[in-house]
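Peer 1: Output the structure for:
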Amino acid sequence: MQTTKKDIRALTKEQLREFFEKNGDKAFRGNQVYEWLWSKSAHSFEAMTNVSKETREMLQANFVINHIKVDTIQRSEDGTVKNAVRLHDDLIVESVLIPTKTRTTACVSSQVGCSLDCNFCATARLKRMRNLEPGEIYDQVAAIDNESRLYFDRPLSNIVFMGMGEPLMNYPNVMKSIEMITSKEGLGMSPKRITVSTSGVSKMIKKMADDEVKVKLAVSLHSAIEETRNKIMPFTKSFPLPELREALEYWYKKTKSAITYEYVVWKGINDDKQSIDALVKFCKYVPCKVNLIEYNPIDDGEFQQASEQATQDYITALEKNKITVKVRRSRGKDIDAACGQLANKS
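Peer 2: All right, here's what the predicted structure looks like:
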C-alpha cells in the first residue's frame, strides 16, 4: 500500500549525514545506512545489523524502503530468466536475465507501461502508469546479479535498458540509477557495459551527449524511410529522421561512441530493396553497427517475422558496405521474454 513516508533512497549520502546530525547522532551513521541501502541492497531497516535498535526505529518512523519484490521467476529452456517484479504500489514490471557462454545480460524496465505507441510492441498496449524510481531500477539489476551468481556462477556482466518503457522519457531517474549501478558504493559496474536503448528521442540523445554519459547508445530504428518508420512507430512523427540523424551525429561528435541500430525485419513492411538501401545510406552518417532482431509476434496481426532470405539480403547489403551486422535470435520464446517486447502478464 502506498505510503506518505519518503523513500530513504531518495536522499544523498550528504543528506543522510545531515539527518543524523540533526537528530543527535554521529554523521558517519549516514555512511553506514547508505552502504546498507546501496551496496548491500537492504530490503528493510531491520536488516541493518550494525545499526542500533533505537536508530533503526527512528529510521522506520521517518522513512520507508520501497524495495521491489520478485513475485515470480520463469526459466526458459534456453536459460533465459524472466522476473515479474512487484513494486511497492502493487504495479508490475518485468526484467529479464539473458545468458550466453561468455556473459549474462540484464534487460531492465524504466517505466510501468509505456508512453509511446510502437505498433509491434506488447508494452505499448499498456498505458504508461508512472516512471520507475532510481531505486526500483537499481533493484532489478541487483536481483538479476544475484540470479546470475546463483544460476550461472558468475556476476552480471551487461545491462540493457530495453524492457518496459522509453528510458529517455524517464531521464533523471534512469541516469541516477546508472550513477548508483556504476558507483563503487553501489554495484561498481563499468558504464561501458551498459546500453541505453531509445526509440529515437532526439533532444534527449543530445542531452546525454552534453551530460557526458559514458554508457553505450542503441536506437530502435526499424526503418530509414520516414513513412514506413511512422507506420511502425507513430510517435516518431515528432522525431523525424533528419532530426534523429542530427542528434546521432552530435552524439558521436561529443562522445566518439558508435551507435547500435536495433532493427526488426517484418514481412511486407520493411523487407524490400528500398528499405535495405535506405538503411545502408542511414548507416553511413555515423559509425555504427546493426543488430537484426528476430521478431517474437504478439498476435496474428500485420507484424510478422520476414523470411530468412529477406534477413540475408540485409546482411549481404550491409556487409558489402562494410557495416557490422549481427542477427539476434529471440530468447525465452517459451516464456515470452524477448527484450523490448515485454508484456505485463499479471
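Peer 1: Output the below-cut-off pLDDT ranges for the stretch 1-150 of the chain.
Peer 2: For the stretch 1-150 of the chain, the stretches with pLDDT under 70 are 1-3, 115-128.
Peer 1: switch to 80 and redo it
Peer 2: Where the stretch 1-150 of the chain drops to pLDDT under 80, the residues are 1-4, 113-128.
Peer 1: For it, just list every one of the strands.
Peer 2: 6-7, 63-64, 69-75, 81-86, 92-99, 104-107, 111-112, 130-131 (DSSP state E, counting those that start in this stretch).
Peer 1: quick one: buried residues of the third one?
Peer 2: For strand 69-75, the buried set under the neighbour-count rule, 16 or more other Cβ atoms under 10 Å, comprises V70, Q74, R75. Glycine gets a C-beta too; all of them are placed from N, C-alpha and C.
Peer 1: Tell me if I'm right that I92 and K82 touch.
Peer 2: No. With contacts counted by Cβ atoms under 8 Å, I92 stays clear of K82, the gap being 11.9 Å.
Peer 1: quick one: which of the two has more around it?
Peer 2: K82 (24 against 18; other Cβ atoms under 10 Å).
Peer 1: Could you list everything that one pairs with in the sheet?
Peer 2: Q74, V96 (DSSP bridges).
Peer 1: For the remainder of this discussion, apply numbering that starts at 503.
Peer 2: Let's use 503 as the start, then, which means that last one is K584.
Peer 1: Distance check, it against S611.
Peer 2: 12 Å (Cβ to Cβ, to the nearest Å).
Peer 1: what does R731 give?
Peer 2: 24 Å.
Peer 1: Format the buried residues of strand 571-577 as CSV; extra columns: distance to R519.
Peer 2: Listed next are the buried residues of strand 571-577 as CSV, based on distance: Cβ to Cβ, whole Å:
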residue, distance to R519
V572, 32
Q576, 42
R577, 42
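Peer 1: just checking, next helix/strand downstream of the top helix by length along the chain?
Peer 2: Looking across the chain with DSSP state H, the single longest helix is helix 636-654. Per DSSP states H and E, the first helix or strand lying C-terminal to helix 636-654 is strand 660-663.
Peer 1: helices or strands up against that following strand?
Peer 2: Where contact means 3 or more Cβ pairs under 8 Å, 6 or more residues apart in numbering; DSSP states H and E, strand 660-663 is packed against strand 606-609, strand 696-700.
Peer 1: Dump these to TSV, plus mean neighbour count and distance to H724.
Peer 2: TSV is the format used below for the helices and strands packed on strand 660-663 (neighbours: other Cβ atoms under 10 Å; distance: least, Cβ to Cβ, whole Å):
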stretch	mean neighbour count	distance to H724
strand 606-609	26	18
strand 696-700	22	12
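Peer 1: In contact with V717, which residues are there?
Peer 2: By Cβ atoms under 8 Å, 6 or more residues apart in numbering, the contact list for V717 reads I680, P693, K694, I696, T697, V698, M710.
Peer 1: between the residues you listed, which is nearest E748?
Peer 2: Using Cβ to Cβ, the shortest approach to E748 within the contacts of V717 belongs to M710, at 14.2 Å.
Peer 1: Thought P693 was touching the closest one, still the case?
Peer 2: No. Counting by Cβ under 8 Å, M710 does not reach P693; the two are 11.6 Å apart.
Peer 1: who's more crowded, those two?
Peer 2: When M710 and P693 are compared for neighbours, M710 comes out ahead with 25 against 14, by other Cβ under 10 Å.
Peer 1: Mind pulling up the pLDDT for the more buried one?
Peer 2: As predicted, M710 sits at a pLDDT of 97.
Peer 1: which stretch of helix or strand covers it?
Peer 2: With DSSP H and E as criterion, M710 is part of helix 704-712.
Peer 1: After that helix, heading C-terminal, what element do we hit next?
Peer 2: Sequence-wise, the next helix or strand beyond helix 704-712 is strand 718-722, with elements assigned using DSSP H and E.
Peer 1: roughly how far apart are P657 and D647?
Peer 2: According to Cβ to Cβ, P657 and D647 sit 6 Å apart.
Peer 1: which of the two has more neighbours?
Peer 2: Neighbour count, other Cβ under 10 Å: between P657 and D647, D647 has more, with 22 against 13.
Peer 1: Now the more buried one: closest residue in space that isn't a chain neighbour?
Peer 2: In space, and not counting its chain neighbours, D647 is closest to L658: 4.1 Å by Cβ to Cβ, 6 or more residues apart in numbering.
Peer 1: Report the contact partners of that neighbour.
Peer 2: Here L658 is in contact with L599, T606, T607, A608, V643, I646, D647, S650, M691 (Cβ under 8 Å, 6+ apart).
Peer 1: Reformat the strands of the stretch 503-652 of the chain as JSON lines; add distance to E516.
Peer 2: Listed next are the strands of the stretch 503-652 of the chain as JSON lines, based on distance: least, Cβ to Cβ, whole Å:
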{"stretch": "strand 508-509", "distance to E516": "16"}
{"stretch": "strand 565-566", "distance to E516": "16"}
{"stretch": "strand 571-577", "distance to E516": "29"}
{"stretch": "strand 583-588", "distance to E516": "30"}
{"stretch": "strand 594-601", "distance to E516": "30"}
{"stretch": "strand 606-609", "distance to E516": "29"}
{"stretch": "strand 613-614", "distance to E516": "29"}
{"stretch": "strand 632-633", "distance to E516": "24"}
